[in-house]
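A.B. asks: everything below, folded, please.
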Amino acid sequence: MTPYVLVVEDEDALATLLHYNLDKEGYVVGVAGDGEEALTMASERAPDLVILDWMLPKVSGIEVCRRLRGRSETRNVPIIMLTARGEESDRIRGLDTGADDYVVKPFSMIELTARVRAVLRRIRPGLADDRITVGDIVIDRVAHRVKRQGKEVHLGPTEFRLLDYLMQHPGRVFSREQLLDAVWGSDVYVEARTVDVHIGRLRKALNGDVDGDPIRTVRSAGYSLDLDAA
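C.D. replies: Numbering: from 1, shown residues only. Next up is the predicted model:
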């Protein structure tokens, strides 16, 4: 079952960015713009995880957290608090109210999505059991392991994220810019040619003694994972 993540954020630009990145990670995403709407949405459909801003109109994030913990249907739902308040006393207050994790703004989307996976893995391991198989390649996101034809493939963290993204969209061609945005994040400046370097490393690791290159280079367009061409 695909986890349902409820994002509660009143800044439209950030809410859109969160929705885009979580959707890209494969989650079903709902967005609430204030505390009252969040409580209504949570009562209509219990989320598997809540990303909750501290400062919200109508009902504060702390109060939303408290009320969710007071309802039987959402008592055990993991909650990640987002806030610009980085003081230790604020973090303690948020955690004491019932939050499971605490992320201080500004933050990178890569870090946040990693925390979402970690919280689900810790609190709801059944939802976090996440493997993708494409052809003879298997990626296990929970164990952070990759196998091809049953043999272990050792990848660095960037190559792992790159393969993960390509395996979510087999056969689709992505430009360097699209891969940079998806793997490195839009808030990080990296030269487009960096993608070529990491694709080269990924190819070397995947191919080893195995015949057939699963990564297809499309001239003037980009790269795709194409097992039919391997």
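A.B. asks: the helices in the protein, which residues?
C.D. replies: Taking DSSP state H as the test, the helices found in the chain are 12-24, 35-44, 61-70, 88-97, 109-123, 125-128, 157-168, 176-179, 194-207.
A.B. asks: then the third one to CSV, C-alphas only?
C.D. replies: Extracted in CSV, the C-alpha atoms of helix 61-70 (Å, rounded to 0.1, in the frame of the first residue of the first chain):
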residue,chain,number,x,y,z
GLY,A,61,1.0,23.3,14.5
ILE,A,62,1.6,22.5,18.2
GLU,A,63,-2.2,22.4,18.8
VAL,A,64,-2.8,20.3,15.7
CYS,A,65,-0.1,17.8,16.9
ARG,A,66,-1.8,17.7,20.3
ARG,A,67,-5.3,17.1,18.9
LEU,A,68,-4.0,14.4,16.5
ARG,A,69,-2.4,12.6,19.4
GLY,A,70,-5.8,12.9,21.2
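A.B. asks: off-centre distance for that helix?
C.D. replies: 24 Å (C-alpha atoms, centre = their mean, to the nearest Å).
A.B. asks: contacts for it next, please.
C.D. replies: 8, 35, 38-39, 42, 50, 52-56, 59, 74-75, 77, 79, 81-83, 93-94, 97-99 (C-beta atoms under 8 Å, 6 or more residues apart in numbering). In this view, the C-beta of every residue, glycine as well, is placed from N, C-alpha and C.
A.B. asks: next, the buried residues of that helix.
C.D. replies: For helix 61-70, the neighbour count (16 or more other C-beta atoms under 10 Å) marks 61-62, 64-65, 67-68 as buried.
A.B. asks: low-confidence ranges, this protein, go.
C.D. replies: Along the chain, the model assigns pLDDT under 70 to residues 1, 85-88, 90-91, 94, 125-130, 186-188, 228-230.
A.B. asks: quick check: chain neighbours aside, which residue is closest to Arg161?
C.D. replies: Nearest-residue entry for Arg161: Val183, 4.9 Å, with adjacent residues in sequence omitted and distances by C-beta to C-beta, 6 or more residues apart in numbering.
A.B. asks: no further questions, thank you.
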